[in-house]
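Enquirer: need a 3D model of the sequence below.
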Amino acid sequence: MERTQAGLTLTALTPSARALGLRLGQSHADACAIVPELTSAPAEAERATHMLRRLALWMERFSPVVVLDPAPDGLEGLFLDLTGGQHLFGGEAAMAAAIADSLARLGVPARVAVADTPGAAWALARYGETRIAPPGETKAAITHLPVAALRLSPPAIKLLHRFGLRRVGALLELPRAALARRFRDAEALGVLQRLDQALGRLAEPLTPVAAPAVYRVQTVFAEPMTNIEAVALQAEALAARLGTMLEAAGVGARRLRLIGFRVDGAVTELDVALAAASHRSPHLIRLLKDKGWERLDLGFGIDALALAAPVTEPLRARQITTLGEDRVEADAAEAALIDRLSARLGEAAVLRPERHESWTPETAEVLTPYLAASGHAPPAPVGERPILLFDPPEPIEAVAELPDGAPARFVWRRAARRVLRASGPERLSPEWWRTGAKAARRTRDYYRLEDDKGGRYWVFREGLYGDDAARPPAWWMHGLFP
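Expert: Numbers count the residues shown, from 1 in each chain. The predicted model follows:
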């Protein structure tokens with residue numbers, strides 16, 4: 001029950017409560033008057049939606065496309081796209097029976113129906129005596145059903161009853177123009193739309209709970225499996241099948257997802273990312289092993305296992321140099337090493353530097369997880385940059401001609417150095433558009449220096465002469481050139 005402006009009302013009923021004459025939307029006071037011993041509890045809409053979503057993920061063992069149907073009045077359910085998968089279960093009837101049996105074992109009351117359209121399946125599941133409509137016979141299957149089976153609004157159903165239209169067949173006998181004249185514009189469109197959707201005349205787009213993977217293989221067990229070693233063997237077989245499928249399509253996986261469907265209605269998953277697209281089953285199997293089979297929580301056992309490649313890339317031919325395949329093999333070995341380290345240590349533990357759009361040299365590079373790196377590099381800086389940067393820059397004492405001359409001498413780490421060659425300055429202004437950047441930093445003039453011993457340095461003067469009397473310019477060592 002839930003609280004509304006009219007007080008407490010019933011939002012869901014057990015079969016026994018319905019048999020006693022209670023109905024959805026009825027006030028709690030009236031229900032208690034009819035059934036004094038009524039037992040009720042507050043409605044938990046968010047929890048119910050969460051549980052329905054968990055059930056939808058578990059139902060992916062039967063179909064990769066599962067859609068939530070948050071219908072009102074306790075008629076919520078799930079849509080499954082069974083196209084192309086019926087033969088795996090012995091046909092539509094056997095598949096519907098398998099779905100019903102699985103839900104019954106979970107203690108989930110359900111009515112399963114199969115039809116050409118979502119609207120017809122919805123109608124048969126809730127109002128039909130026959131639950132499977134043969135292909136091409138949708139119209140005959142729903143003709144005798146009540147108009148409420150078309151998922152119409154309560155005002156539309158009430159108005160149809162007033163006109164004596166109580167069955168879907170009565171609507172089919174009326175001309176569309178005559179049917180539209182009996183309603184207001186919006187209600188007429190709603191009735192015609194639902195009728196056309198049920199008959200397949202109008203497409204009904206549905207959004208799955210999880211985006212279906214194009215490349216996916218699955219196996220169903222006769223008995224629940226609780227041994228992780230046995231599950232590992234099945235996963236290896238799935239990886240071999242998936243590799244063959246990817247190779248035939250000319251693509252490689254960039255992410256793998258191993259999904260175990262537990263008998264208690266939960267789902268256990270293992271996610272693996274790849275640095276480079278691959279279809280080689282030995283590599284896929286090795287990554288799944290490195291990720292750790294023990295991370296799969298089997299619970300009381302799993303009765304289905306699926307392996308999918310939700311992210312793929314076309315496989316590109318690699319140019320072989322005149323020196324042989326060493327470079328190609330080295331690239332593949334590097335990618336394999338990154339994959340294995342990421343699988344064992346976690347994707348956040350394997351990093352690589354990426355250029356970052358910033359004028360300040362120490363913030364122009366960031367460390368990003370290798371497998372999550374974008375691959376997009378901002379334009380390189382105009383000036384030459386040293387390989388080694390000091391973080392933070394180290395202070396130096398410099399003698400230079402005012403106002404913008406390069407240092408002639410400087411002292412760094414207690415050692416005096418005489419400059420033979422210098423170039424610059426390269427002026428970098430503070431990033432005034434960033435919060436607090438102008439207050440924290442001042443204009444920098446960078447110089448490239450070479451001393452009498454061959455050392456090459458990258459130094460900068462922070463601040464301009466005459467700009468701020470309270471903070472005179474200061475010199476800093478920022479990097480070394482090889």
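Enquirer: switch to C-alpha atoms for all contacts and neighbour counts from now on
Expert: Noted.
Enquirer: which residues are contacting whichever strand or helix holds residue 311?
Expert: Assigned by DSSP states H and E, residue 311 belongs to strand 302-314. With C-alpha atoms under 8 Å, 6 or more residues apart in numbering as the contact definition, strand 302-314 has outside contacts at 61, 212-226, 234-235, 238-239, 242, 250-263, 277.
Enquirer: try stretch 139-157
Expert: With C-alpha under 8 Å, 6+ apart, stretch 139-157 has contacts from 119-120, 122-124, 126-128, 130, 133, 160, 165-169, 172, 187, 190-191, 194-195, 198-199.
Enquirer: the same query, at a cut-off of 7 Å, please.
Expert: With contacts defined as C-alpha atoms under 7 Å, 6 or more residues apart in numbering, stretch 139-157 is touched by 119-120, 123, 127-128, 133, 166-169, 187, 191, 194-195, 199.
Enquirer: what is the end-to-end distance of that stretch?
Expert: 20 Å (C-alpha to C-alpha, to the nearest Å).
Enquirer: for that stretch, which positions count as buried?
Expert: Neighbour-count burial for stretch 139-157, with 16 or more other C-alpha atoms under 10 Å as criterion, is recorded at 139, 141-142, 145-152, 156-157.
Enquirer: got a list of what residue 250 touches?
Expert: Counting by C-alpha under 7 Å, 6+ apart, residue 250 touches 314-315.
Enquirer: meant to ask about residue 284, not that
Expert: Residues in contact with residue 284 (C-alpha under 7 Å, 6+ apart) are residue 239.
Enquirer: what helix or strand does it sit in?
Expert: helix 281-291.
Enquirer: buried set for that helix?
Expert: For helix 281-291, the neighbour count (16+ other C-alpha under 10 Å) marks 281, 283-291 as buried.
Enquirer: please report phi then psi for residue 362.
Expert: phi -70, psi -10 (degrees, to the nearest 10).
Enquirer: and it, how far from residue 368?
Expert: Here residue 362 is placed at a distance of 15 Å from residue 368 (C-alpha to C-alpha).
Enquirer: the two: which has the busier surroundings?
Expert: residue 368 (18 against 14; other C-alpha atoms under 10 Å).
Enquirer: how near is the more buried one to residue 99?
Expert: Relative to residue 99, and taking C-alpha to C-alpha, residue 368 is found at 44 Å.
Enquirer: part of a helix, is residue 367?
Expert: No: assigned with DSSP: H, G, I helix; E, B strand; the rest coil, residue 367 falls outside any helix and is strand.
Enquirer: for residue 410, see how far away the nearest residue to it once chain neighbours are set aside is.
Expert: Using C-alpha to C-alpha, 6 or more residues apart in numbering and skipping the chain neighbours, the partner closest in space to residue 367 is residue 353 (4.5 Å). Per C-alpha to C-alpha, residue 353 is found 32 Å from residue 410.
Enquirer: hmm, back to that, and the buried residues of stretch 139-157, which two are furthest apart?
Expert: 141 and 156 (22.1 Å; C-alpha to C-alpha).
Enquirer: ok so, going back, narrow the contacts of strand 302-314 to those in helices?
Expert: 234-235, 238-239, 242 (DSSP state H).
Enquirer: how about these in CSV, adding distance to residue 372 and neighbour count?
Expert: Listed next are these as CSV, based on distance: C-alpha to C-alpha, whole Å; neighbours: other C-alpha atoms under 10 Å:
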residue, distance to residue 372, neighbour count
234, 29, 16
235, 25, 24
238, 26, 23
239, 23, 28
242, 23, 24
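Enquirer: pLDDT below threshold where in the stretch 151-300 of the chain?
Expert: 179-189 (pLDDT under 70).
Enquirer: separation between the closest residue to residue 358 other than its chain neighbours and residue 42?
Expert: Nearest in space to residue 358, with sequence neighbours left out and distances taken as C-alpha to C-alpha, 6+ apart, is residue 364 at 4.9 Å. Between residue 364 and residue 42 the computed distance is 56 Å (C-alpha to C-alpha).
Enquirer: and residue 341, by the same measure?
Expert: For residue 341, the distance to residue 42 - C-alpha to C-alpha - is 49 Å.
Enquirer: from the contacts of strand 302-314, list just the buried residues.
Expert: Using 16+ other C-alpha under 10 Å, the buried members of these are 61, 212-213, 215-220, 224-226, 234-235, 238-239, 242, 251-263, 277.
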